[in-house]
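Colleague: sequence first, then the predicted structure, then my questions.
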Amino acid sequence: AQSVAQPEDQVNVAEGNPLTVKCTYSVSGNPYLFWYVQYPNRGLQFLLKYITGDNLVKGSYGFEAEFNKSQTSFHLKKPSALVSDSALYFCAVREGAAGNKLTFGGGTRVLVKP
Amino acid sequence: GAGVSQTPSNKVTEKGKYVELRCDPISGHTALYWYRQSLGQGPEFLIYFQGTGAADDSGLPNDRFFAVRPEGSVSTLKIQRTERGDSAVYLCASSQAGKTFKQFFGPGTRLTVL
């Protein structure tokens, strides 16, 4: 069975400071990893994915994530946070090309203070 | 272009009633997914359609839940004899054939069972 853990319920950061949202995963095959963001009263929006290739992937709105196979982690990062980045962030995993369903973590609320 | 749409946006019903939730995927997307998001949690997979058939219904919690996609486009999630524990946001997502790693989510239907 596949699983995702987001150890922090909330992350607080000052605007302009770097932002990191942690994610670790467990999957039996090769992982496909994703980050989604959820704004109030809106659907989940895709930020970025790791399928294969470079461990550092870049996505929307200046976000990036680093795949670390030995630590089974896929932390989301942004060098300089904006107040508008305040939202709920979800990490998700899928079991390679054969799998279809996404397994999500519990989410991390990010609050960027001016 | 139009994204994934879901109707109704909110549904309030009484315990024991029957409800139907509708999902209109992005035009041309052959894969369709249903997830359930309870308060404070990440989305949980319910069922996945490839075309008209349910390719994976392993996430349906019990036989009160059923979903159809008769023409390979619109899908309806049906819940019989609703219980208070069914209260959640029901999310629908769709993806293109061959690109099932990128799922586009709708805004969800918030179901409240009184």
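Modeller: It's in.
Colleague: for the most centrally placed residue in chain A, pull up the helix or strand it's in.
Modeller: For chain A, the residue nearest the mean C-alpha position is A:Trp35 (3.6 Å; C-alpha atoms, centre = their mean). A:Trp35 is part of strand A:31-38 when elements are defined by DSSP states H and E.
Colleague: quick check: mean pLDDT across that strand?
Modeller: When pLDDT is averaged along strand A:31-38, the result is 94.
Colleague: parallel or antiparallel, list what pairs with that strand.
Modeller: In the sheet containing strand A:31-38, its partner strands are strand A:44-50 (antiparallel), strand A:87-95 (antiparallel), by DSSP bridges.
Colleague: format those strands as a markdown table; extra columns: mean neighbour count and mean pLDDT.
Modeller: Using the backbone N, CA and C atoms, a C-beta is placed for each residue, glycine as well. As requested, the strands paired with strand A:31-38 are exported to a markdown table (neighbours: other C-beta atoms under 10 Å in any protein chain shown; pLDDT from 0 to 100):
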| stretch | mean neighbour count | mean pLDDT |
| --- | --- | --- |
| strand A:44-50 | 20 | 93 |
| strand A:87-95 | 23 | 93 |
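Colleague: so which residues of chain A form strands?
Modeller: For chain A, strands defined by DSSP state E occupy the ranges A:3-5, A:10-14, A:19-21, A:24-26, A:31-38, A:44-50, A:56-58, A:64-68, A:73-78, A:87-95, A:103-104, A:108-113.
Colleague: can you put the ones you listed in CSV and add distance to B:Val19?
Modeller: Formatted as CSV, the strands of chain A follow (distance: least, C-beta to C-beta, whole Å):
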stretch, distance to B:Val19
strand A:3-5, 29
strand A:10-14, 33
strand A:19-21, 34
strand A:24-26, 34
strand A:31-38, 23
strand A:44-50, 22
strand A:56-58, 39
strand A:64-68, 37
strand A:73-78, 35
strand A:87-95, 26
strand A:103-104, 24
strand A:108-113, 29
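Colleague: and of these, who's closest to B:Glu20?
Modeller: B:Glu20 sits nearest to strand A:44-50 of all the strands of chain A, at 22.4 Å, using C-beta to C-beta.
Colleague: for the closest one, C-alpha coordinates in PDB please.
Modeller: The C-alpha coordinates for strand A:44-50 follow below in PDB (Å, rounded to 0.1, in the frame of the first residue of the first chain):
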ATOM      1  CA  LEU A  44      -7.000  21.400  -6.000                       C
ATOM      2  CA  GLN A  45      -4.500  23.000  -8.400                       C
ATOM      3  CA  PHE A  46      -1.500  21.100  -9.700                       C
ATOM      4  CA  LEU A  47       1.800  22.600  -8.800                       C
ATOM      5  CA  LEU A  48       4.400  20.100 -10.000                       C
ATOM      6  CA  LYS A  49       5.300  16.500 -10.400                       C
ATOM      7  CA  TYR A  50       8.300  14.100 -10.300                       C
END
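Colleague: ok, and the closest non-adjacent residue to B:Tyr48?
Modeller: B:Asp56 (4.4 Å; C-beta to C-beta, 6 or more residues apart in numbering or on different chains).
Colleague: returning to what we had before: looking at the strands paired with strand A:31-38, which is nearest to B:Thr7?
Modeller: From those, taking C-beta to C-beta, the stretch that ends up closest is strand A:44-50, at 17.8 Å.
Colleague: and that closest one, how far out from the chain middle?
Modeller: Its chain's C-alpha centre and that of strand A:44-50 lie 8 Å apart, by C-alpha atoms, centre = their mean, to the nearest Å.
Colleague: who touches it?
Modeller: A:31-39, A:57-61, A:63-65, A:67, A:74, A:76, A:89-90, B:43, B:91, B:93, B:101-105 (C-beta atoms under 8 Å, 6 or more residues apart in numbering or on different chains).
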